[in-house]
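Enquirer: here's my sequence, what's the structure:
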Amino acid sequence: MQQETLYYISSLAPDVERIGKAIRSHWGVESTHWILDVTFKEDDCRIRNGDGAENVAVIRRFALNLTKLHPQKNSMRGKLR
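Expert: Purely as a prediction, here's the structure:
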């Protein structure tokens with residue numbers, strides 16, 4: 001059995017359950033950003049001026065949410081196809 005130790009810096013009171021929830025919540029957000037970057041290639045997008053970047057981001061998140069609702073048990077990329 002292998003054990004991994006992770007260290008975090010926080011201003012929260014030393015409440016293990018609360019800190020654990022905060023860490024898991026953070027990684028939930030990070031996984032969404034990872035999906036947007038890898039599947040939708042968000043970081044490669046060159047739309048920078050005006051409202052275009054925000055509009056495209058809204059469309060990407062809408063598509064991501066629709067894809068998550070799909071009942072098929074497949075990868076995100078597979079669902080989008």
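
Enquirer: contacting residues around residue 37?
Expert: Neighbouring residues of residue 37 by CB atoms under 8 Å, 6 or more residues apart in numbering: residue 43. Every C-beta, even on glycine, is put in place using the N, C-alpha and C of the backbone.

Enquirer: measure it to residue 10 for me?
Expert: Distance, residue 37 to residue 10, by CB to CB, to the nearest Å: 26 Å.

Enquirer: buried residues in whichever helix in the chain runs longest?
Expert: Criterion DSSP state H: the longest helix present in the chain is helix 16-38. By neighbour count with 16 or more other CB atoms under 10 Å, helix 16-38 contains the buried residues 35-36.

Enquirer: and stretch 67-74, by the same measure?
Expert: Residues residue 67 are the ones in stretch 67-74 that count as buried (16+ other CB under 10 Å).

Enquirer: model confidence over it, on average?
Expert: Here stretch 67-74 scores 82 as its mean pLDDT.

Enquirer: centre of the chain to it, how far?
Expert: Relative to the centre of its chain, stretch 67-74 is centred 16 Å away, using CA atoms, centre = their mean, to the nearest Å.

Enquirer: and stretch 62-74, how far from the chain's centre?
Expert: On the basis of CA atoms, centre = their mean, stretch 62-74 sits 14 Å off its chain's mean C-alpha point.

Enquirer: should've said stretch 68-81
Expert: Counting by CA atoms, centre = their mean, stretch 68-81 is centred 16 Å from the centre of its parent chain.

Enquirer: and the end-to-end length of it?
Expert: Start-to-end span of stretch 68-81 (CA to CA, to the nearest Å) is 13 Å.

Enquirer: mind listing residues that contact it?
Expert: Outside stretch 68-81, the residues that touch it by CB under 8 Å, 6+ apart are 35, 39, 63-64, 67.

Enquirer: quick one: which two of these are the most distant?
Expert: Farthest-apart pair in those is 35 and 63; separation 10.7 Å (CB to CB).

Enquirer: between the contacts of stretch 68-81, which is closest to residue 29?
Expert: Nearest to residue 29 out of the contacts of stretch 68-81 is residue 35 (CB to CB; 11.0 Å).
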